[in-house]
Structures are given as structure tokens and as C-alpha cells.
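Novice: Coordinates only, no sequence provided:
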């Protein structure tokens, strides 16, 4: 079943899964919605004459460059974990560092609850600023499908609506054009199969296969490729290794967004700062978690600093399916939850 699902099919099935429908999401050769727009999600990637890293490189595509996909192709040249290449107007690019994006500007909301509300970026990227003014000091660039906690809305110096965001890590406030963020309604985060008791749900992560499996008893609910931690046992500067730890754990904390990285307040696009990482389900005291990923599409090979990178749609499903249960109007959920076996 998984080999024939489009992204649109997956979203329909994800919604239907609340009533217990089992599914497998699409493999890496996803079909693209709409116009097939993609964003370069790293410093640069190569444009090649053929769908192969051994082919002649024609050009460099720079970070945040937007490209239109003409055709997708599974290349015999690999790499085996992700053989998906895309044909662009001038050549071929590997999909591993291209993010599928859409341009979906929104009608700004006129009011925000005092406790704040959850939104997601609905355009390829948008710049945040210290003040609601495009001439103010720029800060982070926020990317499609990343999430944000909005505290207030008002008119900016340009006469347009701006949202005030709070950074969950640094606790600083900054501003984003309101039409670039989509409000997430409560029904979108309704728990999946809440009638299934805690001891009947479990997750299995295979480091060898770079695969995640979700079970209700012996019934497979989700099987998908992932990216776990880079296989380097040496600790980083913070004393934590990049390898995903093996063993039995439990989901114990969940957040709809998390600022990950070095924790700097910066406008530098090359800094290791990932604000608004979406649908985060923590299961280890180092801060290891399942979460959505907007900075690569290279699932099937280790890519992370220890976490389990997932497609945003799948991480969102997992966030809703696992325990502890979540509430729409809270940014932090704590409790003894779903079993996680990392092997």
C-alpha cells in the first residue's frame, strides 16, 4: 500500500487514523503537491547534467533558492538510502537537501488568546524582526512547516498585520508578518486512537535499518524511514554524543515546537539555530526526541545530533498518537508515556 500513496493520500489517511485506520506513509519517492516547489535547505547543492553525483556539475544552487520540479526520478546511481533525484529546468539535483514547500499566505487573525496560540509557517520562508517593521533588526529566518507560539497581533510600521512570537528557548520576543503563518485549530491536534491504553502502544526504532515502526499490540500502524544520530560516540562540546542511544525508553515530554541548536540570537543563516522545530516527542534525558525536520529530506541515513528526524507530517501524527496526550493550548506536556525501543 505504501508504494502507491501520494502526499495528499497520506494526509487523508493521517486524518482518518483517528478512528483506528492502519496505514503506511509514502516511501522516499514522494509525489509533489501543486507546482512542485522546493527550497534548498543547506548552504548549497549541486546541479548535475544527469541524476548522479558522478555526472558533470553544472552549477551551484544556494541556500533558500526556490526551484520548480519538472520531474522526479529514482536513479540507479543512488545513493541507495535515498535514490530520489529531481529534474529542474537546468539539470538534476538530489532531493536530500531539498525541502518540498508551498506558498499559502493566510488571512491574519484579529485576536490572539492571552495564553498564546499555535501557528505554522505556510510559505517557503519568512524573516523575523526585533520589531514589527521590515526596516528593524532582522533575526531568524523561519521555514515552511516549522511551528511558532504567537502571543499577540497588531499593525506594524508598514500598515500590515504582524504577529509577536515568543522563543521557547531564549524567552525573547520577535515579530513576523502575519500572513506568513497559519493558525492550527484544536481539532487538528486531536489524539489518535485515544481509546488504546498505554501498555498497548509501542515504538521501535531500528538504527541499522533507519526505520521507525509504531504498533498497537501487534498491529503495525506506521512504518517509515527516519534519520537518527550520526554514528560518532565522541561527545560534542556540550558533553553529549551524537549517536542515538540504544535501550528502552518512554516518551515523557512533548512540545509542539522547540528551538534547537546553540541558542544564539542571530540573523546568520549558517548558524546552528533551528527555531520552531515541530512536533517534538522527547524520550531521553539528553533531550533526544522524535521531531519533524525542515532542513533536509535525506531519510534513511543518519543525519542528526542524536534525535530521530522525521517528515513533519509523520512527526505530527506521532505527536498525536503517543502518550502523554496533548492539549492544544499548552506548549509543554509531561507524563509517563509510550514505550520506545531503540535497537
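Specialist: Good, I have the coordinates. Just so we're clear, the structure is a prediction, and the values are computed from it rather than from any experiment.
Novice: Which residues lie in contact with residue 296 in this structure?
Specialist: Contacts for residue 296 (C-beta atoms under 8 Å, 6 or more residues apart in numbering) come out as 41, 42, 96, 97, 99, 227, 303, 309. Yep, even glycine has a C-beta here, placed from its N, CA and C like the rest.
Novice: Swap in 10 Å and give it another go.
Specialist: Counting by C-beta atoms under 10 Å, 6 or more residues apart in numbering, residue 296 touches 41, 42, 82, 95, 96, 97, 98, 99, 227, 303, 304, 309.
Novice: Just grab the bridge partners of the last one for me.
Specialist: Using DSSP bridges, the bridge partners assigned to residue 309 are residue 227, residue 291.
Novice: Count the residues that sit near it.
Specialist: Neighbour count of residue 309, defined by other C-beta atoms under 10 Å: 26.
Novice: wait, doesn't it sit right on residue 224?
Specialist: No - using C-beta atoms under 10 Å, residue 309 makes no contact with residue 224, being 11.1 Å away.
Novice: Quick check: neighbours shared by the two?
Specialist: 210, 299, 315.
Novice: Just the ones in helices from the residues you listed, please.
Specialist: residue 315 (DSSP state H).
Novice: out of the shared contacts of residue 309 and residue 224, which is most surrounded?
Specialist: Most surrounded of the shared contacts of residue 309 and residue 224: other C-beta under 10 Å gives residue 315, at 25 neighbours.
Novice: Next one: it relative to residue 293, how far apart?
Specialist: For residue 315, the distance to residue 293 equals 8 Å [C-beta to C-beta, to the nearest Å].
Novice: Go through stretch 45-53 and flag the buried ones.
Specialist: Buried residues in stretch 45-53, counted by 16 or more other C-beta atoms under 10 Å: 45, 46, 47, 48, 51.
Novice: To clarify, my last question referred to stretch 149-164.
Specialist: By 16+ other C-beta under 10 Å, the buried positions in stretch 149-164 come out as 149, 150, 151, 152, 153, 156, 161, 162, 163, 164.
Novice: can you list those residues in CSV and add distance to residue 143 and secondary structure?
Specialist: Output for the buried residues of stretch 149-164, formatted as CSV (distance: C-beta to C-beta, whole Å; DSSP: H, G, I helix; E, B strand; the rest coil):
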residue, distance to residue 143, secondary structure
149, 16, strand
150, 16, strand
151, 20, strand
152, 22, strand
153, 21, strand
156, 21, coil
161, 21, strand
162, 18, strand
163, 16, strand
164, 19, strand
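Novice: Would you format those as CSV with distance to residue 255 and pLDDT included?
Specialist: Shown next, in CSV, are those (distance: C-beta to C-beta, whole Å; pLDDT from 0 to 100):
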residue, distance to residue 255, pLDDT
149, 10, 98
150, 15, 98
151, 16, 98
152, 21, 98
153, 22, 98
156, 28, 98
161, 26, 98
162, 24, 98
163, 19, 98
164, 19, 98
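Novice: Can you tell me which of those residues comes closest to residue 253?
Specialist: Among these, residue 149 lies closest to residue 253 (C-beta to C-beta), at 16.1 Å.
Novice: So what pairs up with the closest one in the strands?
Specialist: Assessed by DSSP bridges, residue 149 has beta-bridge partners residue 118.
Novice: Residue 164 versus that one, what's the distance?
Specialist: Distance of residue 149 to residue 164, given as C-beta to C-beta: 10 Å.
Novice: Could you pull out the residues contacting both of those two?
Specialist: residue 116.
Novice: With adjacent residues omitted, what lies nearest to residue 43?
Specialist: Excluding its sequence neighbours, the residue lying closest to residue 43 (C-beta to C-beta, 6 or more residues apart in numbering) is residue 63, at 5.4 Å.
Novice: Let me know the pLDDT of that neighbour.
Specialist: Here the pLDDT value assigned to residue 63 is 98.
Novice: again, but for residue 141
Specialist: Note on residue 141: pLDDT of 98.
Novice: ok, it - contacts?
Specialist: 63, 64, 121, 125, 126, 127, 128, 267, 268, 269, 273, 275.
Novice: residue ranges for the helices of the stretch 1-150 of the chain, please.
Specialist: 7-16 (DSSP state H, counting those that start in this stretch).
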